[in-house]
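# Okay, predicted coordinates and the sequence, questions at the end:
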4 protein chains.
Amino acid sequence: MIGGGRGAFIGAVHRIAAHMDGKAELVAGAFSSDPQRSKDSAKDLLVSPDRAYGSYAEMAKAEAAMPADKRLDFVVIVTPNHQHFPPAKLFLEAGFNVVLDKPATFDLAEAKKLRTIVKKSKKVFVLTHNYTGNVMVKQAREFVQKGKLGNLRKVVVEYPQGWLSTFLEASDQKQASWRTDPKRSGAAGCMGDIGTHAENLARYITGLEIDTLCADLTTFVKGRKLDDDGNVLVRYKGGAKGVLHSSQICIGDENMLNIRVYGTKAGIEWRQEFPNELVVKYADRPREIWRRGNDYISDHGKKFTRIPFGHPEGYLEAFANIYLEVFRAIEAEVTGKKQPKDLDFPTIEDGVYGMAFIETVVKSSKLGAKWVKFPKA
Amino acid sequence: MIGGGRGAFIGAVHRIAAHMDGKAELVAGAFSSDPQRSKDSAKDLLVSPDRAYGSYAEMAKAEAAMPADKRLDFVVIVTPNHQHFPPAKLFLEAGFNVVLDKPATFDLAEAKKLRTIVKKSKKVFVLTHNYTGNVMVKQAREFVQKGKLGNLRKVVVEYPQGWLSTFLEASDQKQASWRTDPKRSGAAGCMGDIGTHAENLARYITGLEIDTLCADLTTFVKGRKLDDDGNVLVRYKGGAKGVLHSSQICIGDENMLNIRVYGTKAGIEWRQEFPNELVVKYADRPREIWRRGNDYISDHGKKFTRIPFGHPEGYLEAFANIYLEVFRAIEAEVTGKKQPKDLDFPTIEDGVYGMAFIETVVKSSKLGAKWVKFPKA
Amino acid sequence: MIGGGRGAFIGAVHRIAAHMDGKAELVAGAFSSDPQRSKDSAKDLLVSPDRAYGSYAEMAKAEAAMPADKRLDFVVIVTPNHQHFPPAKLFLEAGFNVVLDKPATFDLAEAKKLRTIVKKSKKVFVLTHNYTGNVMVKQAREFVQKGKLGNLRKVVVEYPQGWLSTFLEASDQKQASWRTDPKRSGAAGCMGDIGTHAENLARYITGLEIDTLCADLTTFVKGRKLDDDGNVLVRYKGGAKGVLHSSQICIGDENMLNIRVYGTKAGIEWRQEFPNELVVKYADRPREIWRRGNDYISDHGKKFTRIPFGHPEGYLEAFANIYLEVFRAIEAEVTGKKQPKDLDFPTIEDGVYGMAFIETVVKSSKLGAKWVKFPKA
Amino acid sequence: MIGGGRGAFIGAVHRIAAHMDGKAELVAGAFSSDPQRSKDSAKDLLVSPDRAYGSYAEMAKAEAAMPADKRLDFVVIVTPNHQHFPPAKLFLEAGFNVVLDKPATFDLAEAKKLRTIVKKSKKVFVLTHNYTGNVMVKQAREFVQKGKLGNLRKVVVEYPQGWLSTFLEASDQKQASWRTDPKRSGAAGCMGDIGTHAENLARYITGLEIDTLCADLTTFVKGRKLDDDGNVLVRYKGGAKGVLHSSQICIGDENMLNIRVYGTKAGIEWRQEFPNELVVKYADRPREIWRRGNDYISDHGKKFTRIPFGHPEGYLEAFANIYLEVFRAIEAEVTGKKQPKDLDFPTIEDGVYGMAFIETVVKSSKLGAKWVKFPKA
């Protein structure tokens, strides 16, 4: 693991998600850019001192030299955004499979470069847009794919949070500090951090591609250097329309990632904070509540179900579902088999798309919230 | 009553709302532009045949000639939009108090003319934006006015419906027919019919005025002549931002008018389909659910409460709350007293504002969803 | 109207419910046992002074003498329980149709006497167990009747309130005062006031009759003279089992009347505080949310629907639905027609059953919460 | 691990819960009473063949002989109820710490014997009543302990399921098979399987002890040998009253374990299917929704929180919270330290209490649902 030391958030999530099914073990890491902090964190995490590194460069070198039986199956990178590309490049080129936290990179150019590196490496590369790991999100996607919704007309996706409604970065809160810093986070704050989740979720479910968009980003908190709120109108290829908004100043909201998709035959609604349910709405018959764990759930969804209906799975299980697929891919890679055709995780293509989204909303907003063509990725 | 005959929707609502508290009686009407239908409807409604008129012009003439003790206290106009202005003008000028269904008129120019007429008439004029009659909406407004939310930052208001997700106007469904007809409805379909409700609700609660907006209206159903969906980004005077969207093709949605308002100190959330609750969210303490009928509700809200907490009031009670204020105003007018200072109903100013909203979103959309300055009303 | 003067609760509800559809007018009343209060109340209610009576006896005499064209179509009795039987008897015997608030009488013996009187009178007699007026409750009953649930197995019905969690009757709160007074309320407090609603709702939906029951009533608040909480186990004829509990000390609960019924094929769930929805649950397919106002609602339910789906109807509309049936019955009675076969309102039989329920739970509880046979009514 | 092989349910849950925080590894097991199945399961679970045993007796013998550095820190027993006591006894007496799935044993006598064995062994013994691992349940308990609810008056706890609404045990569904078999499950079916969870949850939160109870158990499904439904009235020591019901024939219900507790000052409500929220209700101020992960949550609750608010934790995290405490206890035991004073997990005392509950409800029901004194445990 690269990053994820003391004070980090997403590193711990990755560890739990990867451990949950008893299929992985944390054996080495460069947990912080501060060598001492890295080693202290290793101790916390029961990682052997001889595999606790002061830097990822050091780690890449040492681990690449390990004998086959001790060699890492994969590396997880959970550093702030500006530290995504360098270690990803290094480890891929050193022959390691890589799991990278979203967004892919610091900017779109880097993402495209990383795509080239991934392709060349022939290694497994996974980007953890975790919300697509939810079973009911997978069910929603199948509904769209099988035509249950008919032709899609409208998408409403939102991700409001409230935790940055004050100038939290003035304190030493580590998460607030880097996520609002353009040097570490990239061109966007809120839109990069969570707007990309909303975009990714919408695209995963609907398969729709953005044609043009109009984004109005705002920095509400005085002194903040990046946007903490963004409202986006979307025109999808094929004629569907969308509203995407996310915020970190929606005081009192937690992680209210919600999506609604409306077609000519039916509409669906999914809420991240109550992830075990998917509402399906029709013109002429009662609404349905589809619930995780039931027999009527699709076979694909069932593969990602650990416990029976009525026992709620949550954020970590969804995250671990991404890892289940990671493990399938890596097992194939390690044992020299072909990659399964039905792997269901976000790839570098999603990463490039997400970075294009960030660049486009920032561009639109800077032009005064004008409509901007979504670039070819 | 003008309009509201057989096959009408909102006329019946007005009758129930006006009757509910035992303070009004329906005694005369021109219920349809078709004289026979008007008379048949009068019969249905137990209106005496000698006060059932074939046209509103006929009615205005006859009723104006009535002796004082039989004279109408007020006239309710519930015709399609293109038939708002002419009867409103006629009755106001004939000295009647007027209750008019929203939107005010066919277009903004008419609304401004009507404003002049209203002012000149010194009569009571009420526009029935009924959702503001909800007790918890009034409570929400008080929260804003008393500073409980701090400075306002963001408004998310939406009004999706699904009833026009097919080409319903091809059938003889009367509601679909006129509401999608530019000659009767005006420049906008969905945005005029329900987008204006969303706008009015947001303005009622927040007091915010729109500075500029960017509207993307769509007609999804083939053959339809007006928009059936609209997404609007809003910049309010003073710096708050807004997202307003409404639709009539959100299949399976009923009247999902929801509003969220976020300030620096707290956020609120109200849902029309569950109107007895108002959620208040804070940065650092548990959410609260404020419920109609409790002692902690404001004195103003209590005035509009007929039954104890836990016994749900609904759409009709909210509508009747508008009428409670209508009656207060008319009683003062009829008895020659000053109008009470604290009257709480939508006025011709709201009507003009609403028509300006319609014109502005249509204009923006026609320009390709460009930002357009909201006109001075 | 008998009762329902200043300080009363249910009288106002009856007036709104009866007025709502423009089919009734309040023209006479004995609104209080205090003659002055009765007359003052009449003034409040715009009742002509010459038909404002100092007592119901006086009123019965005077009104019976009215000429046919001024004669009351029906009398509504909304006094405390101990004052149900005397006026009901008097007016029925004087040839008036009677609407009586629940529970029927002070005790079971009176209820049975009243039954005899009703039968003899051939007048319309209606008991306002208002919750059965809800459209989705009617839908639930139809589901049972049509076999959608299969054979019924279990009923869970509850009605917790919290408004009597303190010794409120020590204050001058009129509602608390009589409802906790055995001289005015009868043998039961909470169970008589709202436990009977729960019983009636369960029986209306399921048609099940109680075979035996075991009731544990409690008076939690010191100084209170009647039960303020009751938990009842029920064995229905035919083998279904039930849990019925209600309370007035469930602090913070409002009117949480909820019912669930489970059969061999499906289960249903309805909540009074969100009355426009009915949840249907199955073993092997997604839950459904049936919502008032949709085309798929039964024809019978549609008759009690004033406004389209998504516009919530509430407590008063459900109450007014009872009155719609009252008016149908009375119109037939007044015009000398046969009573319609499909009248859907609670009758004196429901009243007798309800009084038997009260007596039986009180008896069971006094025996130490032993199982007691439900008496033949 | 003893039990938990192919076809098992709760074994997998224990493995995930124990793995989640990276603090345990599965290294040995007797996963089935069928030796071959046990070994096959070991393979599935990546357990080394030399530590995959054909029986728990064999395992106890072999593992007890392991050198200190390979010795098991604890044993997890997840067999059907009739196979709880024998392995628990064996491993405790062989000096192993033991985690045992609920209910403790086959009957009360066994549970008491096990208590003696546990005490004598001085080993760590944990019973996995997992629902008490939920953070918001812990918060609820703190509210009670700190007096926020005042004196407790009423408890309503229910656990309806619907998965046994047909004669599922006629198929080869392994879970249905043993859970409805009196030889493997014990004296109760539904009440033993999930009624005990309801009882345990209520006692954990309230601290109330049952004085007497009256239980009406039913077997609705023809051919079934144990109860599949039970309704219980409870009188707690100190005067509070309770309603406890659970069922496995509530068709369409999943794991609707809900609890409400009402005191003189406030009431609380928690629902297992939406476990991140706890509702608090008051007489005179708005309801509050307390949500996991917020700063206002108690320090004790925060210790069991892996991820920020708004990212739902679920069943597995709650289960893993029990294990977090198991690990604390075992770490102390293994390192020879004193057991921490604040350990928060269910003990053999809870197990004995739960078995007493089962015996008492069965006894009451057999007597015709009479009130029975709860035995001293």
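Received, thanks. Residues are numbered from 1 along each chain as shown, chains lettered A, B, ... in the order given.
# hey, let's count contacts and neighbours off CA atoms from now on
OK.
# Taking the centroid of chain A, which residue is nearest it?
A:His129 (1.9 Å; CA atoms, centre = their mean).
# give the contact list for that residue.
Contacts for A:His129 (CA atoms under 8 Å, 6 or more residues apart in numbering or on different chains) come out as A:101-102, A:197, A:200, A:346.
# Select from the residues you listed the one having the most neighbours.
A:Lys102 (27 neighbours; other CA atoms under 10 Å in any protein chain shown).
# what's that residue in contact with, if anything?
Contacts for A:Lys102 (CA under 8 Å, 6+ apart) come out as A:81, A:127-129, A:351.
# thinking A:Trp2 is in contact with A:Asp34, fair?
Actually, residue A:2 is Ile rather than Trp. No: applying CA atoms under 8 Å, one finds A:Ile2 not in contact with A:Asp34, separated by 11.9 Å.
# circling back: check the contacts of A:Lys102 and tell me the two furthest apart.
A:Asn81 and A:His129 (14.0 Å; CA to CA).
# Tell me which of A:Ile2 and A:Asp34 has more neighbours.
The neighbour comparison of A:Ile2 against A:Asp34 (other CA under 10 Å) goes to A:Ile2, with 26 against 12.
# hmm, back to that, of the contacts of A:Lys102, buried ones?
Using 16 or more other CA atoms under 10 Å in any protein chain shown as the burial test, the contacts of A:Lys102 include A:81, A:127-129, A:351 as buried.
# Return the nearest residue of chain A with respect to chain C.
A:Glu288 (4.4 Å; CA to the nearest CA).
# Give the bridge partners for that residue, please.
On the basis of DSSP bridges, A:Glu288 is bridged to A:Val280, C:Glu288.
# Surely it is in contact with A:Ile268?
No: judged on CA under 8 Å, A:Glu288 makes no contact with A:Ile268 at a distance of 9.5 Å.
# joint contacts of these two?
By CA under 8 Å, 6+ apart, the residues touching both A:Glu288 and A:Ile268 are A:279-281.
# what's the offset of stretch A:308-321 from the middle of its chain?
For stretch A:308-321, the separation from the chain centroid amounts to 17 Å (computed by CA atoms, centre = their mean, to the nearest Å).
# Contacts for that stretch next, please.
Contacts for stretch A:308-321 (CA under 8 Å, 6+ apart): A:13-14, A:16-18, A:20-21, A:128, A:130-135, A:275-276, A:291-294, A:304, A:307, D:253-256, D:272-274, D:311-316.
# Next: stretch A:263-273.
A:131, A:136-137, A:140, A:148-154, A:255-262, A:277-283, B:165, B:250-252, D:310-312.
# so of these, which ones are in strands?
Within these, residues falling in strands by DSSP state E are A:152-154, A:258-262, A:277-282.
# excluding its backbone neighbours, what's nearest A:Phe319?
Closest residue in space to A:Phe319, ignoring its immediate chain neighbours: A:Asn130 at 4.9 Å, by CA to CA, 6 or more residues apart in numbering or on different chains.
# so what's the one you found up against?
With CA under 8 Å, 6+ apart, A:Asn130 has these contacts: A:318-319, A:322.
# cutoff 10 Å now
A:101-102, A:197, A:200-201, A:315-323, A:345-346 (CA atoms under 10 Å, 6 or more residues apart in numbering or on different chains).
# Leaving out sequence neighbours, find the closest residue to the closest residue to chain D within the stretch 101-250 of chain A.
Residue nearest to chain D within the stretch 101-250 of chain A (CA to the nearest CA): A:Gln161, separated by 8.8 Å. Once flanking residues are discounted, A:Gln161 sits nearest to A:Gln248: 4.4 Å by CA to CA, 6+ apart.
# Quick check: end-to-end length of stretch A:362-373?
Terminal residues of stretch A:362-373 are spaced 12 Å apart (CA to CA, to the nearest Å).
# which of the residues in that stretch are buried?
Buried-residue list, stretch A:362-373, by 16+ other CA under 10 Å: A:362-365, A:369-372.
# What about those residues, which are in helices?
A:362-365 (DSSP state H).
# got CSV for these, with distance to chain D and pLDDT too?
What follows is these, written out as CSV (distance: CA to the nearest CA, whole Å; pLDDT from 0 to 100):
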residue, distance to chain D, pLDDT
A:Val362, 27, 98
A:Lys363, 30, 98
A:Ser364, 30, 98
A:Ser365, 28, 98
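# ok, so of the residues you listed, who is nearest B:Phe220?
Set against B:Phe220, the nearest of these by CA to CA is A:Ser364 (25.5 Å).
# can you give me the strands in the stretch 251-377 of chain A?
A:258-263, A:266-271, A:277-282, A:287-291, A:371-373 (DSSP state E, counting those that start in this stretch).
# of all the ones you listed, which lies closest to C:Arg115?
That would be, of these and by CA to CA, strand A:287-291, which comes in at 43.7 Å.
# Distance from that closest one to the middle of the chain?
That offset, for strand A:287-291, works out to 26 Å (CA atoms, centre = their mean).
# Contact residues of the stretch 251-377 of chain A facing chain D?
A:253-257, A:272-276, A:291, A:293-294, A:306-317 (CA under 10 Å from any CA of the partner chain).
# Go again with 6 Å.
Residues of the stretch 251-377 of chain A lying close to chain D by CA under 6 Å from any CA of the partner chain are A:254-255, A:273, A:309-315.
# Among those, give me the pair with the biggest separation.
Among these, A:Glu254 and A:Phe309 lie farthest apart (CA to CA), at 25.0 Å.
# Specify which residue of those two has the higher count of neighbours.
A:Glu254 (22 against 19).
# A:Lys376: neighbour count?
7.
# follow-up on the earlier one: now flag whichever of the contacts of A:Asn130 is closest to C:Lys70.
Among the contacts of A:Asn130, and counting by CA to CA, the member closest to C:Lys70 is A:Leu201, at 68.9 Å.
# In TSV, list the contacts of A:Lys102 along with secondary structure, distance to D:Phe357 and pLDDT.
As requested, the contacts of A:Lys102 are exported to TSV (DSSP: H, G, I helix; E, B strand; the rest coil; distance: CA to CA, whole Å; pLDDT from 0 to 100):
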residue	secondary structure	distance to D:Phe357	pLDDT
A:Asn81	helix	56	95
A:Leu127	strand	50	97
A:Thr128	strand	47	96
A:His129	coil	47	95
A:Gly351	helix	56	97
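# which one of those residues sits closest to D:Asp50?
A:Thr128 (37.2 Å).
# how near is the residue nearest to the closest one when sequence neighbours are not counted to A:Phe319?
Computed as CA to CA, 6+ apart, the closest residue to A:Thr128 that is not its neighbour in sequence is A:Asp101, at 5.1 Å. According to CA to CA, A:Asp101 stands 11 Å off from A:Phe319.
# next one: A:Phe143
A:Phe143 sits 22 Å away from A:Phe319, going by CA to CA.
# those strands in the stretch 51-200 of chain A, which residues are they?
A:74-77, A:97-101, A:125-128, A:152-160.
# out of these, which comes closest to B:Val221?
strand A:152-160 (9.9 Å).
# wait, does the closest one contact chain B?
No: shown here: strand A:152-160 not in contact with chain B (CA under 6 Å from any CA), separated by at least 7.4 Å.
# Any chance of JSON lines for the strands of the stretch 251-377 of chain A, columns mean pLDDT?
Below are the strands of the stretch 251-377 of chain A laid out as JSON lines (pLDDT from 0 to 100):
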{"stretch": "strand A:258-263", "mean pLDDT": "98"}
{"stretch": "strand A:266-271", "mean pLDDT": "98"}
{"stretch": "strand A:277-282", "mean pLDDT": "98"}
{"stretch": "strand A:287-291", "mean pLDDT": "98"}
{"stretch": "strand A:371-373", "mean pLDDT": "98"}
